[in-house]
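Participant: My questions concern the predicted model and sequence given below.
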Amino acid sequence: MIKSLITDLALVIGGAYVIYGVGNYQLFPNISEANAAGVTLVAISIVAMGLMGLFGKTYGFIKAAQ
């Protein structure tokens, strides 16, 4: 439970950092706009996977508590 929670949090935080870094030209300063959009889309999908895991675990926890 805790291990998968930490994994989901790491996906969300890591993906958010990549999106922030690409948007502020700190992570890949000399990358073209098309490549930056591709990296951002991949990072958004990673964040979405992490959020789906977090919401699923929260829903399961609430459902089990009833």
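Facilitator: Sure thing, it's come through. As the structure is a prediction and not an experimental result, all values here were calculated from the model.

Participant: Quick check, central residue of the protein?
Facilitator: Val47 (2.0 Å; CA atoms, centre = their mean).

Participant: Okay, helices next: where are they in this structure?
Facilitator: 2-23, 33-65 (DSSP state H).

Participant: Would you mark the buried spots in stretch 41-48?
Facilitator: Residues Ala43, Ile46, Val47 are the ones in stretch 41-48 that count as buried (16 or more other CB atoms under 10 Å). Placement of C-beta: from N, CA and C, glycine included.

Participant: how many neighbours does the nearest residue to Gly53 once chain neighbours are set aside have?
Facilitator: Sequence neighbours aside, Asp8 is the residue nearest to Gly53 in space, at 3.9 Å (criterion: CB to CB, 6 or more residues apart in numbering). Per other CB atoms under 10 Å, the neighbour tally for Asp8 reads 19.

Participant: Asp8 touches Leu54, doesn't it?
Facilitator: Yes - if you go by CB atoms under 8 Å, Asp8 and Leu54 touch, sitting 4.8 Å apart.

Participant: which residues does the closest residue to Leu11 other than its chain neighbours contact?
Facilitator: Excluding the flanking residues, the one nearest Leu11 by CB to CB, 6+ apart is Gly50, at 3.1 Å. Residues in contact with Gly50 (CB atoms under 8 Å, 6 or more residues apart in numbering) are Asp8, Leu9, Ala10, Leu11, Val12, Gly15.

Participant: Check Tyr25 too.
Facilitator: Counting by CB under 8 Å, 6+ apart, Tyr25 has no contacts.

Participant: Now do it against Thr7, distance only.
Facilitator: For Tyr25, the distance to Thr7 equals 29 Å [CB to CB, to the nearest Å].

Participant: Between the buried residues of stretch 41-48, which sits nearest Ile31?
Facilitator: Closest approach between the buried residues of stretch 41-48 and Ile31, by CB to CB: Ala43, at 13.1 Å.

Participant: And the residue nearest to the closest one when sequence neighbours are not counted, what's its pLDDT?
Facilitator: Of all residues not flanking Ala43 in the chain, Val18 sits nearest, at 4.1 Å (CB to CB, 6+ apart). On pLDDT, Val18 comes in at 96.
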